[in-house]
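Participant: After the sequence you'll find the predicted model.
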Amino acid sequence: VAAPDRLRLPFRECGPRLRGLVPERPGAPAGSPRTARPGALPPAEAADAPPLVVEALSARERDVLRRVAQLMSTDEVAADLHLSVNTVKTHLKNINRKLGARRRGEAVRRARDLHLL
């Protein structure tokens, strides 16, 4: 998918499962042996490393994330922060994107791994 635009970096940064889909050297077929980069972590250590944050969370996103970590529903978060439900959903979508998560629980786990909570 990323080949026409020669995008390799997002695949390398997203973790060991997707990192193997893109060859280390341009022009090499996917799945070919990868050459080690200076300062690169070995695969075992890379899997244990905390996930990368794409972009820093805003103060309001951190507020929403703290309440989600307390197992509050979207309606409860909205009422507690005096926001509309749609605004909370937008914040949750941005939190998931920035932390590379698909679900609330995964976002909370990654935030804890990154010491954001």
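Facilitator: Cool, the structure landed.
Participant: need the helices for the protein, in chain order.
Facilitator: All helices of the chain, identified by DSSP state H, fall at 9-13, 16-19, 43-48, 59-69, 74-81, 85-99, 104-113.
Participant: Give me the residue ranges of the protein where confidence is low.
Facilitator: Within the chain, the stretches with pLDDT under 70 are 1-54.
Participant: picking that back up, adding mean neighbour count as columns, could you present the helices of the chain in JSON lines?
Facilitator: C-beta coordinates here come from the backbone N, C-alpha and C atoms, glycine included. Shown next, in JSON lines, are these (neighbours: other Cβ atoms under 10 Å):
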{"stretch": "helix 9-13", "mean neighbour count": "14"}
{"stretch": "helix 16-19", "mean neighbour count": "13"}
{"stretch": "helix 43-48", "mean neighbour count": "10"}
{"stretch": "helix 59-69", "mean neighbour count": "18"}
{"stretch": "helix 74-81", "mean neighbour count": "16"}
{"stretch": "helix 85-99", "mean neighbour count": "17"}
{"stretch": "helix 104-113", "mean neighbour count": "17"}
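Participant: Residue 101 and residue 85, how far apart?
Facilitator: Remark: distance between residue 101 and residue 85 (Cβ to Cβ, to the nearest Å) = 20 Å.
Participant: Report the contact partners of the closest residue to residue 69 other than its chain neighbours.
Facilitator: Excluding the flanking residues, the one nearest residue 69 by Cβ to Cβ, 6 or more residues apart in numbering is residue 108, at 4.7 Å. Contacts for residue 108 (Cβ atoms under 8 Å, 6 or more residues apart in numbering) come out as 65, 68, 69, 117.
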